[in-house]
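Colleague: Next input, structure requested:
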Amino acid sequence: MKSIQEILKGPEISNYSGSEKTRALVEEEIVRRWGKSELRNFDPLRSVLTFKNWISIGMVPKKNEKAIKSFVVIESRDKKDPTKIIKRIKSVYLFHYRQVTELAKR
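Modeller: Model (predicted):
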């Protein structure tokens, strides 16, 4: 089992694609919840992950923690007109490393 420090220094885990808009939204929420000083620990590839990402590395969100809502833009081709690209927005719910704890073994 890796510690939070090992996770934050380890390989990239997130599917973050580099959007400045989504990064800014998550940064705003981190500042609102934990203060401006917490931004120095913010790494969108390691410190803020989806529920599934945290579970896959043996961590789980703490009880009653509220996710940070973000979004991704998904592009796909129209089935009727393959030259047309359709964009849709999908909500993504993220948890900061301060919101997770080690998954209890049964």
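
Colleague: so how far is residue 10 from the residue nearest to residue 98 when sequence neighbours are not counted?
Modeller: Excluding the flanking residues, the one nearest residue 98 by Cβ to Cβ, 6 or more residues apart in numbering is residue 34, at 6.4 Å. In this view, the C-beta of every residue, glycine as well, is placed from N, C-alpha and C. Distance of residue 34 to residue 10, computed by Cβ to Cβ, to the nearest Å: 22 Å.

Colleague: repeat for residue 75
Modeller: 30 Å.

Colleague: With residue 58 instead?
Modeller: For residue 58 relative to residue 10 (Cβ to Cβ), the value is 13 Å.

Colleague: okay, and the common contacts of the two?
Modeller: residue 2 (Cβ atoms under 8 Å, 6 or more residues apart in numbering).

Colleague: The protein: strands as residue ranges?
Modeller: 48-50, 59-61, 68-77, 85-96, 100-102 (DSSP state E).

Colleague: thinking again about what came up before, wait, the residue nearest to residue 98 sits on residue 99?
Modeller: No: with contact defined as Cβ atoms under 8 Å, residue 34 does not reach residue 99; the gap is 9.8 Å.

Colleague: more neighbours, these two?
Modeller: residue 99 (20 against 15; other Cβ atoms under 10 Å).

Colleague: pLDDT score assigned to that one?
Modeller: Model confidence at residue 99, expressed as pLDDT, equals 96.

Colleague: need the contact list for the nearest residue to it once chain neighbours are set aside.
Modeller: The shortest distance from residue 99 to any non-neighbouring residue, by Cβ to Cβ, 6+ apart, is to residue 65 (4.2 Å). Listed by Cβ under 8 Å, 6+ apart, the contact set of residue 65 reads 95, 99-100.

Colleague: Turn those residues into a markdown table, columns for distance to residue 24.
Modeller: As requested, the contacts of residue 65 are exported to a markdown table (distance: Cβ to Cβ, whole Å):
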| residue | distance to residue 24 |
| --- | --- |
| 95 | 18 |
| 99 | 20 |
| 100 | 23 |
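
Colleague: circling back: do you know how far the residue nearest to residue 99 is from residue 98?
Modeller: 9 Å.
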